[in-house]
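# My questions concern the predicted model and sequence given below.
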Amino acid sequence: MRGCFQNAGQNCCGVERLFVYEKIHDDFIAHIKERVFKLRQGIPLETCGADGDVDCGAMVMDGQMDIIQALIDDAVAKGATLHCGGKRNTSLKGQFYEPTLISGITTDMRISHEEVFGPVMCVVKVPNDDDEECIRLVNGCNFGLGSSVYSGDKKRAVRLGERIRSGMFTANDFGVNYLIQSLPFGGVNESGFDRFAGPEGLRACCLMRSVVVDRIPGVKTSIPPAIDYPMQKNKGFPFGNALIGMFYHEGFFGKIKSILGLIKYG
């Protein structure tokens, strides 16, 4: 609930899609629908201190309401089930979109691939409780910022999480990685590049340079005569081939043979 409706869904690492296994899908919808129905929407400053505390406020970005509505309408037109919400809250003045629960999401719907960034819980049923199909559906999106796996078996949650392509993963929790400032925060694919926080975040603010200096007195970097220009006939290619073999040959004897080649042609 918090992953989907915190800050009215306007959260970069908010939960965009829930993949619920078929065995528990119907019970999950029945239980979660009651909770979504009970969410209170309003203007916090007008209800502060009163009995009508607010769960969901307004949308911040101008035009986001139209984007959310278009995604919901497209999904419903293609067979999704709208359980509650799904429209602007006309009883309030401002950019308020009703807390929404929608299920039956399939890959041909825009909402399956595009960011909602609003108070919408999208539920995808995982057929036959199939882990392979679940991972395929999760990774079948061009976004990959945060991810979570909820399971009574923590080890299983971690195993599944290791296969999700995302910048961050949390087992049995949501967004807590943001609170751990020693961890890098960021995503993959269309969710951005590079990181902030942690050592990786500091490096992202730096201009990295590679610097090479001869460290041993009397030893200087030099070009072997066999590959110095103009290269010696019948020596340049065998020497280069032996050099590559010395560094990258997988076998011990192959490396020895390459070293002998360097001596021979060098």
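Ah, there it is.

# show me what contacts the residue nearest to Q95 when sequence neighbours are not counted?
Excluding the flanking residues, the one nearest Q95 by CB to CB, 6 or more residues apart in numbering is M59, at 4.1 Å. Placement of C-beta: from N, CA and C, glycine included. When contacts are counted by CB atoms under 8 Å, 6 or more residues apart in numbering, M59 touches A8, Q10, M65, I68, Q95, F96, Y97, G118.

# rerun that using 10 Å as the cut-off
8-10, 65, 67-68, 88, 94-97, 117-119 (CB atoms under 10 Å, 6 or more residues apart in numbering).

# same deal with S103?
Per CB under 10 Å, 6+ apart, neighbours of S103: 18, 20, 25-26, 28-29, 32-33, 75, 80-83, 121-125.

# returning to that earlier point: highest neighbour count among the contacts of M59?
P119 (29 neighbours; other CB atoms under 10 Å).

# That one and Q95 touch, don't they?
No. Using CB atoms under 10 Å, P119 makes no contact with Q95, being 11.5 Å away.

# quick revisit: quick check on the residue nearest to Q95: phi, psi?
Per-residue torsions, M59: phi -80, psi 140 (degrees, to the nearest 10).

# Adding pLDDT, write the contacts of M59 out as JSON lines.
Output for the contacts of M59, formatted as JSON lines (pLDDT from 0 to 100):
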{"residue": "A8", "pLDDT": "93"}
{"residue": "G9", "pLDDT": "94"}
{"residue": "Q10", "pLDDT": "94"}
{"residue": "M65", "pLDDT": "94"}
{"residue": "I67", "pLDDT": "96"}
{"residue": "I68", "pLDDT": "97"}
{"residue": "R88", "pLDDT": "95"}
{"residue": "G94", "pLDDT": "90"}
{"residue": "Q95", "pLDDT": "93"}
{"residue": "F96", "pLDDT": "95"}
{"residue": "Y97", "pLDDT": "96"}
{"residue": "F117", "pLDDT": "94"}
{"residue": "G118", "pLDDT": "95"}
{"residue": "P119", "pLDDT": "97"}
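
# Go through those and say which is closest to L45.
G94 (11.6 Å; CB to CB).

# so how many other residues sit close to the nearest residue to N177 once chain neighbours are set aside?
Spatial nearest neighbour of N177, chain neighbours left out: M168 (5.0 Å); criterion: CB to CB, 6+ apart. If you count neighbours by other CB under 10 Å, M168 ends up with 24.
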